[in-house]
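Visitor: No letters, just coordinates:
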């Protein structure tokens, strides 16, 4: 276990004073962050990050090195649950060793695991891909490095930067700058019986970059549902891979496709990316691509919605939108069995796995959203949760626990990049990359280079 967990925690004045919280702070040597507080910290000259974690660490997925329910075990003097507390990590206290010019660039979570990746393309696992219903401190991983398992013909070409990372329920998928896709976790996209803790290369099909071809294929989005993955090529075309038990791959049950649709498999060789029969005439430009647990949904820049259907043919079809301009979708959130979207009339609508029509989501109150002056910049959470809704602007998030009146305002020091919520883990990731000009100024100020710069 990293020595950083034994460092003295940052002192903070708690807005509440529960005895159990004080004990936890003493035992864990970690700071629990109260949402209405802001504490500045040291800034890296290359890239700065903040990570806020909450909810359940059933198998150590909250980087504390133990199993704990942050919401359930922290109580006030009347023994009622206080929600939520966030564990805040920066470069000062994150439990992995980072070099001076290394920082966290990607983070995602599955059901009981957390994956972080640095700008050096190192990937670390906290928790476990294996699901257990009980709290257990046996067998989970604390910063386990996930290595790349190489074929002989690609060993000399691996030194490529990771450009995308996302987690399904029991796996993680990453893409490098050569459009190679790598998979680790429970095999069979969560349907297998075995696990791999080395990254195995997936069959990228026609997505793989031909180094001798000048027409570079730009993958603009990589998102994971519960047991499938969807990617967007050039903001025009959709490719999917994984299990298809709800027709979430978007091309039905055609046996002619070279892809494993469902069933148990302990290999990734039976899976390959397949192009979805949608937008082949390039009529639309993709604004957002999201996956729920059981579906794939596309929002175009012109405000149209398309989704996979749990029907016999299983193709992507258009969603029937309400015919008023102020109800056009602006941004999407993903849940386990539905997609939610925010409209210009400041309301949230849901589309279930079986729906082609919209339903007003009465669980999400107006108080859960930012005011209308922020609607163009507001973004929503991603993940497979069924219990939470989160929206955010640059340095502030509103997190709502569904079916309750609890709304938490979280203010951050750095810009929020994304919020990912699985069935058990809540992650808020903040990041700011220092520009090259700023790096040079810092170098000059620190006397590392005895040369002049013109700005």
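Guide: Now that the structure is in, tell me what you want to look at. Computed from a predicted structure; not experimentally measured.

Visitor: State the mean pLDDT of stretch 163-173.
Guide: Across stretch 163-173, pLDDT averages out at 95.

Visitor: meant to ask about stretch 64-81
Guide: Across stretch 64-81, pLDDT averages out at 60.

Visitor: same thing with stretch 225-236?
Guide: Rounded mean pLDDT across stretch 225-236 is 92.

Visitor: pretty sure residue 220 is touching residue 236, no?
Guide: No - Residue 220 lies out of contact with residue 236 (Cβ atoms under 8 Å); the separation is 9.0 Å. From N, CA and C alone the C-beta is placed, and that goes for glycine too.

Visitor: Please say which of the two ends up with more neighbours.
Guide: Legend: neighbour count by other Cβ atoms under 10 Å for residue 220 and residue 236, higher for residue 236 (16 against 13).

Visitor: Distance of that one relative to residue 226?
Guide: 26 Å (Cβ to Cβ, to the nearest Å).

Visitor: shaky segments in the stretch 251-400 of the chain?
Guide: Residue ranges of the stretch 251-400 of the chain with pLDDT under 70: 252-269, 310-314, 320-327, 356-363.

Visitor: hmm, try it at 90
Guide: Where the stretch 251-400 of the chain drops to pLDDT under 90, the residues are 251-278, 280, 293-295, 302-331, 335-378, 386-389, 400.

Visitor: do the same with the stretch 51-200 of the chain
Guide: In the predicted model of the stretch 51-200 of the chain, residues 54-60, 64-88, 90-93, 98-102, 131-140, 147-161, 176-180, 188-194, 200 satisfy pLDDT under 90.

Visitor: Spell out the residue ranges of the strands in it.
Guide: Secondary structure of the stretch 51-200 of the chain by DSSP state E, counting those that start in this stretch: the strands cover 68-69, 86-89, 104-109, 113-118, 123-127, 141-145, 147-148, 162-167, 171-176, 181-186, 195-201.

Visitor: So for the longest one, what gets flagged as buried?
Guide: Judged by neighbour count using 16 or more other Cβ atoms under 10 Å, the buried positions of strand 195-201 are 196, 199, 200, 201.

Visitor: and the gap between the last one and residue 418?
Guide: Using Cβ to Cβ, one obtains 26 Å as the distance from residue 201 to residue 418.

Visitor: again, but for the third one
Guide: Distance of residue 200 to residue 418, computed by Cβ to Cβ: 26 Å.

Visitor: The second one too?
Guide: If you measure residue 199 against residue 418 using Cβ to Cβ, the figure is 22 Å.

Visitor: tell me, what's touching residue 220 and residue 236 both at once?
Guide: residue 286 (Cβ atoms under 8 Å, 6 or more residues apart in numbering).

Visitor: How about the contacts made by residue 61?
Guide: 109, 112, 113, 114, 126, 127, 128, 140, 424, 425.

Visitor: Just the buried ones among those residues, please.
Guide: Among those, those buried by neighbour count (16+ other Cβ under 10 Å) are 109, 112, 113, 114, 126, 127, 128, 140, 424, 425.

Visitor: So what sits opposite the last one in the bridge?
Guide: Here residue 425 shows beta-bridge partners residue 55, assigned using DSSP bridges.

Visitor: hmm, back to that, hmm, which two among the buried residues of strand 195-201 are most spread apart?
Guide: Greatest spacing in those, by Cβ to Cβ: 196 and 201 (11.3 Å).

Visitor: joint contacts of the two?
Guide: With Cβ under 8 Å, 6+ apart as the test, residue 196 and residue 201 both reach 149, 183.

Visitor: just so I have it, where are all the helices in this structure?
Guide: Using DSSP state H, the helices of the chain run over residues 19-28, 70-73, 436-445.

Visitor: Pick out the shakiest of the ones you listed, pLDDT-wise.
Guide: helix 19-28 (a mean of 41).

Visitor: List the contacts of the closest residue to residue 414 other than its chain neighbours.
Guide: Of all residues not flanking residue 414 in the chain, residue 430 sits nearest, at 3.8 Å (Cβ to Cβ, 6 or more residues apart in numbering). Counting by Cβ under 8 Å, 6+ apart, residue 430 makes contact with 49, 50, 51, 52, 395, 412, 413, 414, 415, 416, 417.

Visitor: and residue 248, how many neighbours?
Guide: 27.

Visitor: If you could redo that for residue 428, that was the one I meant.
Guide: As a burial measure, residue 428 scores 25 neighbours (other Cβ under 10 Å).
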